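In: Following is a predicted model, sequence given first.
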Amino acid sequence: DARVTQTPRHKVTEMGQEVTMRCQPILGHNTVFWYRQTMMQGLELLAYFRNRAPLDDSGMPKDRFSAEMPDATLATLKIQPSEPRDSAVYFCASGLVQGVTDTQYFGPGTRLTVL
Amino acid sequence: DQQVKQNSPSLSVQEGRISILNCDYTNSMFDYFLWYKKYPAEGPTFLISISSIKDKNEDGRFTVFLNKSAKHLSLHIVPSQPGDSAVYFCAAVGNNDMRFGAGTRLTVKP
């Protein structure tokens, strides 16, 4: 039963600290997405990769956020420095898609709290 | 800039009745729409989708209706079951962009 895994599941940190969230996509999927869920905005697309190359990160605050895929089995989302407004649940999703369409399989999310 | 809106944050229905979840969008470039269901502490799971060339898609108890002129779609669940209690997100795709609504929490009472 292939699943997207995310670590850590919960993270509490202080403002100004660096936060790294990790995602292991489903083996064989060529596209990885990062989303942020907040009460006000719902699910926001932050960035996505196809075949490990960044395709679109226009939804991501560039000054403090960075997303990478060092290899096909690992995607990372980093926030440096973190701020209280970054508190949210961050989801990773993977899919075998040709664009931003069709079914994406979501991980369980990382709940980030920045104090 | 909320291009996809789910105006009802919550909905409560009786088991066996119909649940209707609504979603509105503003961008006419969207041409593909999806509904996701999310249980607490889990990621969203895909439920059903519809392309803009159709106005209805049915899968078992779930039917999605699309009204392009009104930029409105709805998800019908009939009959509703307690296990359907979850948060439902609609998503719209188009022009290489994907947007989600804020979600509607559905509670189905036994």
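Out: Now that the structure is in, tell me what you want to look at.

In: Ends of stretch B:23-38, what's the gap?
Out: According to C-alpha to C-alpha, to the nearest Å, stretch B:23-38 extends 16 Å from its N-terminal end residue to its C-terminal end residue.

In: buried set for that stretch?
Out: Judged by neighbour count using 16 or more other C-beta atoms under 10 Å in any protein chain shown, the buried positions of stretch B:23-38 are B:23, B:24, B:25, B:30, B:32, B:33, B:34, B:35, B:36, B:37, B:38. C-beta here means a position set from N, CA and C on the backbone, and glycine is covered the same way.

In: now do stretch A:77-87
Out: Counting neighbours by 16+ other C-beta under 10 Å, one finds that the buried residues in stretch A:77-87 are A:77, A:79, A:82, A:86, A:87.

In: Which ones among the buried residues of stretch B:23-38 map onto strands?
Out: Mapping these onto strands (DSSP state E) picks out B:23, B:24, B:25, B:32, B:33, B:34, B:35, B:36, B:37, B:38.

In: of those residues, closest to chain A?
Out: Of all those, the one with the least separation from chain A (C-beta to the nearest C-beta) is residue B:32, at 5.4 Å.

In: And the closest one, how close does it get to residue B:54?
Out: Computed as C-beta to C-beta, to the nearest Å, the residue B:32 to residue B:54 distance reads 10 Å.

In: the strands in chain A, which residues?
Out: With DSSP E as the criterion, chain A has strands spanning A:5-7, A:10-13, A:19-24, A:31-38, A:42-50, A:53-56, A:65-71, A:74-79, A:88-95, A:105-106, A:110-114.

In: For residue B:103, which of those strands is the nearest?
Out: Shortest separation from residue B:103 across the strands of chain A is recorded for strand A:42-50, at 5.5 Å, computed as C-beta to C-beta.

In: what's the closest one packed up against?
Out: strand A:31-38, strand A:53-56, strand A:65-71, strand A:74-79, strand B:86-94, strand B:97-100 (3 or more C-beta pairs under 8 Å, 6 or more residues apart in numbering or on different chains; DSSP states H and E).

In: Please name whichever of those strands is nearest to residue A:91.
Out: Of all the helices and strands packed on strand A:42-50, the one in closest proximity to residue A:91, counting by C-beta to C-beta, is strand A:31-38 (4.4 Å).

In: tell me which residues in the closest one are buried?
Out: Within strand A:31-38, the residues that count as buried by 16+ other C-beta under 10 Å are A:31, A:32, A:33, A:34, A:35, A:36, A:37.

In: Contacts only, for the last one.
Out: Residues in contact with residue A:37, defined by C-beta atoms under 8 Å, 6 or more residues apart in numbering or on different chains, are A:43, A:44, A:88, A:89, A:90, A:91, A:109.

In: before we move on, back to that, check the ones in strands among the buried residues of stretch B:23-38 against residue B:95 and report the nearest one.
Out: For these, the closest approach to residue B:95 (C-beta to C-beta) belongs to residue B:32, at 10.6 Å.

In: For the closest one, which non-adjacent residue is spatially closest?
Out: Residue nearest to residue B:32 in three dimensions, not counting chain neighbours: residue B:93, with 4.2 Å by C-beta to C-beta, 6 or more residues apart in numbering or on different chains.

In: residues from chain B in reach of chain A?
Out: For chain B, the residues in contact with chain A (C-beta under 8 Å from any C-beta of the partner chain) are B:2, B:4, B:6, B:32, B:36, B:41-46, B:49, B:89, B:91, B:93, B:96-103.

In: From those, list just the buried residues.
Out: Those of the residues of chain B next to chain A that meet the buried threshold are B:4, B:6, B:32, B:36, B:43-44, B:46, B:49, B:89, B:91, B:93, B:97-103, by 16+ other C-beta under 10 Å.
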